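1. structure of the sequence below:
(chains A and B)
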2 protein chains.
Amino acid sequence: MEKVKVCFYPANVCMEVPKGENLLRAAMQADVHINASCGGDGYCGKCRVIIEKGEVEQKLQAKLTEEEAKQGYALACSSTVESDLDVRVPIESQLGDKRVLERKPPIPLKGYTLSAKDWAERLPQWELNPPTTKIRLLLEKPTIEDNLSDGERIKRELSRLVGLKDVVIDYPMLQALPGLIRASSFDVTVTVLDRGQEIRAVRLEKGDTSPRQAAIAIDLGTTTISTQLVDLQTGEVIAEAADYNGQITYGEDIITRIIYSTRATGLAKLQSAAVNVIWNLVQQLVEKTGTEFCSITHLCISGNTVMIHLLLGIDPRYIRVDPYIPVATHFPWIKASNIGIRIASGVYLRCTPCVASYVGGDIVAGVLASGMFNSEKLTLYIDIGTNGEMCLGNKDWLLSCSCSAGPAFEGAGVKHGMRATSGAIEQVRINEATYEPMIITIGNRRPIGICGSGLIDVLAELFLAGVIDERGKVNVEIDTQRTRQGDSGGEYVLAWADESGTNRDIVITDVDIDNLIRAKAAIFAGINILLEEVSIDFDQVEEILIAGAFGRYIEIDKAIIIGILPDIDTDKIKFVGNGSLLGSYLMALSKNMIAEADKIADMMTYLELSTNPRFMDQYISALFLPHTNVEDFPTVTRRLEEARKRGRLGAAAGGGQS
Amino acid sequence: MEKVKVCFYPANVCMEVPKGENLLRAAMQADVHINASCGGDGYCGKCRVIIEKGEVEQKLQAKLTEEEAKQGYALACSSTVESDLDVRVPIESQLGDKRVLERKPPIPLKGYTLSAKDWAERLPQWELNPPTTKIRLLLEKPTIEDNLSDGERIKRELSRLVGLKDVVIDYPMLQALPGLIRASSFDVTVTVLDRGQEIRAVRLEKGDTSPRQAAIAIDLGTTTISTQLVDLQTGEVIAEAADYNGQITYGEDIITRIIYSTRATGLAKLQSAAVNVIWNLVQQLVEKTGTEFCSITHLCISGNTVMIHLLLGIDPRYIRVDPYIPVATHFPWIKASNIGIRIASGVYLRCTPCVASYVGGDIVAGVLASGMFNSEKLTLYIDIGTNGEMCLGNKDWLLSCSCSAGPAFEGAGVKHGMRATSGAIEQVRINEATYEPMIITIGNRRPIGICGSGLIDVLAELFLAGVIDERGKVNVEIDTQRTRQGDSGGEYVLAWADESGTNRDIVITDVDIDNLIRAKAAIFAGINILLEEVSIDFDQVEEILIAGAFGRYIEIDKAIIIGILPDIDTDKIKFVGNGSLLGSYLMALSKNMIAEADKIADMMTYLELSTNPRFMDQYISALFLPHTNVEDFPTVTRRLEEARKRGRLGAAAGGGQS
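-> Next up is the predicted model:
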């Protein structure tokens, strides 16, 4: 039987299959996930893939538009493999329901989330004073006696009305000027952009459009792009919208994307993938609020250094090679249309400055939004994602680092790990006597996997219940069917096949746990290196700010039990939420905040950990639950003792409720 | 016989001819000039025309490239008319040898030309300090310890080395950065543009290119574009090049061009016509000096308001309708590539600010270059071209106007008028007794027409010799064969058919003289209106500066005789030369000069004459030779008396030498 080779991207998994094999089946064999809810009869049309190389025979194309067919789209379920193939699984075919992106975070049990009142205190210099302003001008019509040019007439009125001097009129606006100004009988609205050093008139509209002014605040995440439509008159968020970053199709993590960007048209593809999502989100924001596009006058974007490079089409390849140097950390105001956003040419965007290759504008934005750069208090800011990025300091100094924790907490490298979408186990309790679990899934569906917050819970609970030891090994000797020897060493069954949404047992294995412990060790080591660098004990840290989408969902005490965070007074902990988005929001509304962000980026020192030998020592010490130095975790020791006691009591009572 | 209609552009002359007529012959019948030196056998290939509409049969295409044939080019001499035609005569087929553009001006008999020494005195604030600087940076290579981004590394070095702070890196330079900086082992040259409010790094090159820095200074004239390659290290002009403005193909004067610009693609065509000539000139400058393109870091361009609008693709249509409003008089720094100049994207251009629709950057540049804005002396600056533009004032105030003198002094509306090219009569003397002329032509060829300076000479000499009276009428009663009654009233024969290059008598007619008198009256009236506006007598004017290509060639005493200029002490008169080009040159070399030009444009008051009733009074009074008020011209009266006396003596002596 003739065999052909099918390669799936971005997973980068190749598989030999017989010629004529069904493509969906081939994907399943290769363990590549493609959404397919109708079982493969072509009805749901969800299993779209892009045939990048090679030939398939398609039985059904009804669910594809002509445009899609032209672009190489095919339905995997009704395609048979006819030759060697390169198949790209687009983001929409990989990921679940994106409505979960907008789920409300739970109210944390420990620590508390910073509120509007806090921001007011923390950011006294904040004021509603956006970088762009729409100014309505009722110009005097020119006469022989008053024969200033159209441009100078606008400048004179700007000077008279609002005292703006030395405004430079942008070239495209000059070209639009004569027709527009006369079509509106000299009643116009001009948009003025204050770039700090230079004030520029960037856009002209007929009549009075000044009552409607809005900006877009963006958190450009590696996984998710979150946006807000911000009213520049009231400072309110009018609407929010989020979606997966379309670049996921080309690679889940930033390193894969950097590598992809070095391909012939890779950088351009990654750029347009992000730009298209941003533009779709802007359209959604506009449509659902009935806002007009023309009311949007600027965009403020915060993201990690690689994301910003890719968005601007700047080659990021040197970020991943020693000594890890980005092209730029500060970015000029750029026309949104220059990067392909299909908005009026007078709309500019600004990217929050970055600090280094792995401490980006998202962290600067968060440090800005949290107000820690204003604070007397010694503060630790932590953003846990694929990388754990953190910043220690106060108003006098800021020290940052990034530790490549790896994507374990995002579900990668974990057998049944998954993103935080429907059916993901997000909270777990394990009975110390019976070892039986209690699980809650997102959307209350049958469980299909475990997301990040669930993994922290599982680890902590297994440890408290004594199912795993301090090295993270599952004890298969204990008296329960839940633990057993599996393909990857010991494993614990969180859900039996008949309870799960996948008809398979959902387990967590020794290998999974090992990956998770390595991830938490990296974060803990990073925190310690920062403290060590300035000879400070953790007790001296007065405030701990936890940011990031992931951070919003974790339970602090569980994070301490497994030793992600040191054993500290949880009252010191506050949740920032999406600090990157919040920073973008503040900058969209206030020139002062833009100036502060520049100062923060300049003031922040970056410690490179990848080549730091002390980091390796710290990391190795942290490869235990909660840590090699268990004496540094007194509350964890106490809780362990309590749990074990409850376990013994429960077991003595014959199992059941503890 | 079937007739077809052939229309020639830009002349806008139509003619009925038999179908099958030779196209060159049709042009000759329509009195449309097309260069054709081989008599029509297709050998010289000079009689290129563009067939815009209709059909011709071409016997010969050997002299045309494939590209030209595709664009509709045909040789008029070997084309026969097959249908109604629209034929455009391109500039190169209309105009003579353009080498004459570079002819050296004569040393004036009266007044003197300002020299380098004068500029030094007149412009104490001038210093060699160009808006762009190339700075060679030997960057430290990044390490883990010194891990600034490429962009910040450049900024740090700029700050260290030359103290530049807050430099903004242009977006395209950011995109080019990472590859280039590494390909050159961190040894780079950065070009920095000081835009006044903001300093921008605009370009990066490998290695040390800083020893070679040049700029292009441009006078963008309606008829001629003059350029200089300027060494930014020494301040010297390395080379000059000039050519006709390619827009002539679409209309000789600015009004025709404004009208053409309102056609569908008219503005784009006019823009690219000028841009192409500029680019060709830049190429010439580069080639003939062995300069490298990459050494050119900016362009400074001065031109009248309409020329600048067309160059930048800004709709000029409102300039020609009451109240005559330009779109812009101040222009931002613009990327040269944005207007289609095919130079590196980091090269910016700057247009000298204009004052009003008919007082442009050419005048501002001239006022700058002449130093009159610095001077205590009450100065009158005059630039005579199609329009007479003038400016009166000193360091405290500047008053300007433009009088539409019409193109008579450029040879238009004059039967045998022509541009200042080979064979044009440029100097004339007429014997007061014999009425015989003595003529000198450009290039010492047989005369084919009369150019501007020749026309002034002719008028003055005819008047002195008594051939014409104070109303400009040719006296056909005097005792010479040179005067006679022609088709257009009286006429004077400057060259007989057998002496001329055209085998036709070269004459000047009553109608010609009337047109010239109206042109000079407009200029004289403009001068008087400026003086009247500030209640100043001409005697109080301490310095008269004459600028413009045309101004370089006129003889002052002749200009006074016919009353273009008032009867003044000729010692007060100085020649500026091409003030527009000189201003561009000064600005290309010095930021101070750019700032001064802005101040001059802002400070200059503009008087609109077209609707000024006092202008009309002044104009009517000036429709005599030298003027209605002959008592204001005592030296002219004296010279007239002397000439008439010489004439009488000569006649009494029986003619011959006086």
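2. got the domain ranges for chain A?
-> Split into domains by automatic domain parsing, chain A comes to A:3-94, A:132-206, A:214-351, A:362-405+A:517-630, A:408-513+A:636-652.
3. burial count for whichever residue of the stretch 301-450 of chain A sits closest to chain B?
-> Chain B sits closest to residue A:328 of the stretch 301-450 of chain A, with a gap of 3.8 Å, by CB to the nearest CB. (Glycine included, C-beta is placed from N, CA and C.) Applying other CB atoms under 10 Å in any protein chain shown, we find 27 residues neighbouring residue A:328.
4. same thing with the one 5 residues further on?
-> When counting by other CB under 10 Å, one arrives at 22 neighbours for residue A:333.
5. give me the distance between it and residue B:270.
-> 32 Å (CB to CB, to the nearest Å).
6. CSV for the domains of chain A, including mean pLDDT?
-> Converted to CSV, the domains of chain A look like this (pLDDT from 0 to 100):
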stretch, mean pLDDT
domain A:3-94, 79
domain A:132-206, 96
domain A:214-351, 94
domain A:362-405+A:517-630, 92
domain A:408-513+A:636-652, 88
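7. where do the helices sit along the stretch 101-250 of chain A?
-> With DSSP state H, counting those that start in this stretch, the ranges of helices along the stretch 101-250 of chain A come out as A:116-122, A:150-162, A:171-183.
8. make TSV from the ones you listed and add distance to residue B:387 and mean neighbour count to it.
-> Listed next are the helices of the stretch 101-250 of chain A as TSV, based on distance: least, CB to CB, whole Å; neighbours: other CB atoms under 10 Å in any protein chain shown:
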stretch	distance to residue B:387	mean neighbour count
helix A:116-122	62	12
helix A:150-162	21	19
helix A:171-183	21	19
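9. adding distance to chain B, write these out as JSON lines.
-> Shown next, in JSON lines, are the helices of the stretch 101-250 of chain A (distance: least, CB to the nearest CB, whole Å):
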{"stretch": "helix A:116-122", "distance to chain B": "27"}
{"stretch": "helix A:150-162", "distance to chain B": "4"}
{"stretch": "helix A:171-183", "distance to chain B": "5"}
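10. still on that earlier bit, which one of the domains of chain A lies closest to residue B:618?
-> domain A:132-206 (17.7 Å; CB to CB).
11. on that earlier part again, who wins for proximity to residue B:414 among the domains of chain A?
-> Relative to residue B:414, the nearest member of these by CB to CB is domain A:132-206, separated by 31.5 Å.
12. got the end-to-end distance for that closest one?
-> Using CA to CA, to the nearest Å, the end-to-end distance of domain A:132-206 comes to 18 Å.
13. format the domains of chain A as JSON lines; extra columns: distance to residue B:194.
-> Listed next are the domains of chain A as JSON lines, based on distance: least, CB to CB, whole Å:
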{"stretch": "domain A:3-94", "distance to residue B:194": "46"}
{"stretch": "domain A:132-206", "distance to residue B:194": "11"}
{"stretch": "domain A:214-351", "distance to residue B:194": "16"}
{"stretch": "domain A:362-405+A:517-630", "distance to residue B:194": "21"}
{"stretch": "domain A:408-513+A:636-652", "distance to residue B:194": "48"}
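14. quick check: the residue of the stretch 301-450 of chain A closest to chain B is in a helix.
-> No - read with DSSP: H, G, I helix; E, B strand; the rest coil, residue A:328 is coil and lies in no helix.
15. distance check, the closest residue to it other than its chain neighbours against residue B:72.
-> Computed as CB to CB, 6 or more residues apart in numbering or on different chains, the closest residue to residue A:328 that is not its neighbour in sequence is residue B:151, at 3.8 Å. According to CB to CB, residue B:151 and residue B:72 sit 49 Å apart.
16. repeat for residue A:476
-> Residue A:476 is 88 Å from residue B:72, by CB to CB.
17. which of those two has more neighbours?
-> Neighbour count, other CB under 10 Å: between residue A:476 and residue B:72, residue A:476 has more, with 17 against 14.
18. who in the stretch 501-650 of chain A is up against chain B?
-> Taking CB under 8 Å from any CB of the partner chain as the criterion, the stretch 501-650 of chain A approaches chain B at residues A:606, A:608, A:611.
19. can you name the residues bridging to the first one?
-> Beta-bridge partners recorded for residue A:606 (DSSP bridges): residue A:400.
20. what sits against it?
-> A:355, A:356, A:359, A:400, A:401, B:147 (CB atoms under 8 Å, 6 or more residues apart in numbering or on different chains).
21. how about the strands in the stretch 351-500 of chain A?
-> Taking DSSP state E, counting those that start in this stretch as the criterion, the stretch 351-500 of chain A carries its strands at A:379-384, A:388-393, A:398-403, A:424-430, A:437-441, A:449-450, A:483-486, A:489-495.
22. okay, these in JSON lines with mean neighbour count next?
-> Formatted as JSON lines, the strands of the stretch 351-500 of chain A follow (neighbours: other CB atoms under 10 Å in any protein chain shown):
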{"stretch": "strand A:379-384", "mean neighbour count": "26"}
{"stretch": "strand A:388-393", "mean neighbour count": "26"}
{"stretch": "strand A:398-403", "mean neighbour count": "25"}
{"stretch": "strand A:424-430", "mean neighbour count": "23"}
{"stretch": "strand A:437-441", "mean neighbour count": "17"}
{"stretch": "strand A:449-450", "mean neighbour count": "27"}
{"stretch": "strand A:483-486", "mean neighbour count": "16"}
{"stretch": "strand A:489-495", "mean neighbour count": "22"}
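23. so for residue B:411, which of the ones you listed sits nearest?
-> Nearest of the strands of the stretch 351-500 of chain A (CB to CB): strand A:398-403, 73.5 Å.
24. so how far is the closest one off the chain centroid?
-> With CA atoms, centre = their mean, to the nearest Å as the basis, strand A:398-403 stands 18 Å off its chain's centre.
25. show me the contacts for the closest residue to residue A:605 other than its chain neighbours.
-> Take residue A:605 and drop its neighbours on the chain: the residue closest to it by CB to CB, 6+ apart is residue A:399, 5.0 Å away. Taking CB under 8 Å, 6+ apart as the criterion, residue A:399 is in contact with A:391, A:392, A:393, A:530, A:533, A:534, A:604, A:605, A:607.
26. the residue sitting nearest the centre point of chain A: what's it in contact with?
-> Among the residues of chain A, the one closest to the centroid is residue A:221, at 3.3 Å (CA atoms, centre = their mean). By CB under 8 Å, 6+ apart, the contact list for residue A:221 reads A:245, A:303, A:304, A:307, A:362, A:385, A:549, A:580.
27. wait, the second one touches residue A:312, no?
-> Put plainly, it is residue A:303. No - assessed by CB atoms under 8 Å, residue A:303 is found out of contact with residue A:312, at 10.4 Å.
28. just to revisit the earlier point, can you list the contacts of residue A:606 in TSV and add distance to residue A:520?
-> Formatted as TSV, these follow (distance: CB to CB, whole Å):
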residue	distance to residue A:520
A:355	24
A:356	23
A:359	20
A:400	19
A:401	16
B:147	26
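29. sec struct for residue A:28, please.
-> Following three-state DSSP, residue A:28 is assigned to helix.
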